[in-house]
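Asker: The sequence and its predicted three-dimensional model are supplied below.
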Amino acid sequence: MTSTVQSLGRLTQYAHGGGCACKIPPGELEEVVAGLIKPDDFTGMPGELLVGLDNGDDAAVVRIDEQQAVVLTTDFFTPVVDDAYDWGRIAAANALSDIYAMGGSPLVAVNLLAWPRGVLPFDLAREVLRGGLDVARAAACHVAGGHSVDDPEPKYGMAVTGLVRPDHLMRNDTALAGEPLTLTKPLGLGVLNNRHKSTGEVFPHAVETMVTLNRDAAAAAVRSGIRCATDVTGFGLLGHLLKVARASGVTAVVDSSAVPYLDGARESLRDGFVPGGSRRNLAWAQPHCELSAVDEAEAILLADAQTSGGLLLAGEIPGSPVIGEFVPRGEHLVVVR
């Protein structure tokens, strides 16, 4: 299969972008979904919708009874790395992350596969699916079939259903002034993945970061009584933090010197490997942020579009850096110092 892959070229070259950097910009997406669903649209339906479209949270949540709620999410994207197996692992970890970000545990997933069947061999598709299956196994999550389409661009991900206790639910609209701000994975995945796509350079530490499940961090957050969380993916730290601050009615203050970055991220930024999604994130967030304390390069890294990034928590857990705090709502939703 190696010789076949070599003759076909690199997997990332079959996509216009890579990973979560391909997300529709948050401002455009909000305009699309605005007004689609009203609170009374679901009157009389079974269960209680605890989390829906209102604040752009990570997953939908429906309460079944006082002890149990169902969490549902889906996520898929174009190749972020050239290794098909690693792409499958990254995409699965990224999809499962939404369940963890809500404080839940994944139960069952189905595959979503778009494949250029006349262009790329199905041996590669098998490797993608194998990677997703291995990560789902590590998460103790069933994989039961899925759906596939013939598509000019390869895409892969999962739709995942999980369970959460309603009293353990973490959501993006419950941050309180006075709570610390914690980030569980370093930033820089967007610029490193863009460098990989552009040059073919491989960054094993970035792959390892992306395939690491947010399971343990989420479990620690639930044990610590944290009730506000989101994961940092395609909208970058600034974009996701802006959503939390806006939904919660607070201002987030970020200590830029405390934000961790992956090795090579600053060098990749310096060398010009900035995803278009990262620049769009900054353009959307900037009007709501006070960024005068940092230069443009630092601001871009703070808005860098992540793929399978870490959790952003209103609270503190062992082993993860505190990068700021939430304060009463001020002129800006996010202040970087």
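Answerer: Yep, that arrived.

Asker: Which residue ranges of the chain form strands?
Answerer: Using DSSP state E, the strands assigned to the chain run over residues 48-51, 60-63, 69-77, 105-115, 142-150, 155-164, 180-183, 229-231, 250-254, 289-290, 311-314, 322-328, 334-336.

Asker: Averaged pLDDT, stretch 102-120. What do you get?
Answerer: Mean pLDDT, computed over stretch 102-120, is 97.

Asker: how long is stretch 328-336 from one end to the other?
Answerer: In stretch 328-336, first residue to last residue: 15 Å (CA to CA, to the nearest Å).

Asker: can you pull the pLDDT of the residue most central in space within the chain?
Answerer: Nearest residue to the geometric centre of the chain (CA atoms, centre = their mean): residue 233, 2.9 Å. pLDDT recorded at residue 233 is 95.

Asker: show me the contacts for it.
Answerer: Residues near residue 233 by CB atoms under 8 Å, 6 or more residues apart in numbering: 20, 23, 94, 97, 240, 305, 306, 307, 308, 309. Quick note: C-beta positions are derived from backbone N, CA and C, even for glycine.

Asker: I'd like those laid out as a markdown table, including neighbour count and distance to residue 324.
Answerer: Below are the contacts of residue 233 laid out as a markdown table (neighbours: other CB atoms under 10 Å; distance: CB to CB, whole Å):
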| residue | neighbour count | distance to residue 324 |
| --- | --- | --- |
| 20 | 29 | 23 |
| 23 | 21 | 24 |
| 94 | 28 | 24 |
| 97 | 31 | 21 |
| 240 | 26 | 13 |
| 305 | 31 | 20 |
| 306 | 32 | 17 |
| 307 | 30 | 23 |
| 308 | 32 | 22 |
| 309 | 29 | 16 |
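
Asker: What is the nearest of those residues to residue 330?
Answerer: Each of these was scored against residue 330 by CB to CB, and residue 240 proved nearest at 19.1 Å.

Asker: correct me, but the closest one touches residue 246?
Answerer: No - using CB atoms under 8 Å, residue 240 is not in contact with residue 246, being 10.9 Å away.

Asker: pLDDT below threshold where in the stretch 151-300 of the chain?
Answerer: Within the stretch 151-300 of the chain, not a single segment meets pLDDT under 70.

Asker: Can you show me the helices along it?
Answerer: 189-199, 204-211, 215-223, 236-248, 265-270, 276-285, 296-302 (DSSP state H, counting those that start in this stretch).

Asker: Reformat the ones you listed as CSV; add distance to residue 160.
Answerer: Formatted as CSV, those follow (distance: least, CB to CB, whole Å):
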stretch, distance to residue 160
helix 189-199, 21
helix 204-211, 16
helix 215-223, 13
helix 236-248, 19
helix 265-270, 28
helix 276-285, 23
helix 296-302, 28
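
Asker: between those, which gets nearest to residue 64?
Answerer: Per CB to CB, nearest to residue 64 of these: helix 215-223, 18.6 Å.

Asker: Check which helices and strands the closest one is in contact with.
Answerer: Under the contact criterion of 3 or more CB pairs under 8 Å, 6 or more residues apart in numbering; DSSP states H and E, helix 215-223 touches helix 84-101, strand 311-314.
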